[in-house]
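Visitor: Below are the sequence and a predicted model for it; my questions follow.
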Amino acid sequence: MKKTIDFHRHVWEGWRVMDFISDLEQLFDPSFFASKEELKNWCKSNQPYYKKHIPEVYGYFLSRTKLK
């Protein structure tokens, strides 16, 4: 069963999951990633202000790739 993403979950100083996703959306190119680890590192390094893994952000972008 797939987990539902809580887009409104507060992550850091007023930033919600959806805020991070929205910020990364314009930079995202699903063909760029060869592995899940590359995608995870990309999410962390390109998120504004907060450079830690956010499972919901990673999961959202993972669902938009062909990575298994």
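Guide: Received it, and whenever you're ready, just let me know what you need.
Visitor: all strands for this protein, in order.
Guide: Shown for the chain, the strands assigned by DSSP state E span residues 10-12, 15-16.
Visitor: For residue 35, which of those strands is the nearest?
Guide: Residue 35 lies closest, by CB to CB, to one member of the strands of the chain: strand 10-12, at 24.3 Å. Where you see a C-beta, it was placed from the backbone N, CA and C, and this is true even at glycine.
Visitor: so where's this protein shaky on pLDDT?
Guide: Across the chain, the ranges flagged by pLDDT under 70 are 1-2.
Visitor: Do you have the helices of it handy? List them.
Guide: 17-25, 36-46, 55-62 (DSSP state H).
Visitor: Between the ones you listed, which one is closest to residue 4.
Guide: helix 55-62 (9.7 Å).
Visitor: Give me the nearest residue to the spatially most central residue of the chain, chain neighbours excluded.
Guide: Closest residue to the average C-alpha location of the chain: residue 57 at 2.6 Å, with CA atoms, centre = their mean. Among residues not flanking residue 57 along the chain, residue 20 sits closest, at 4.9 Å (CB to CB, 6 or more residues apart in numbering).
Visitor: Around the one you found, how many other residues sit close by?
Guide: By other CB atoms under 10 Å, the residues close to residue 20 number 23.
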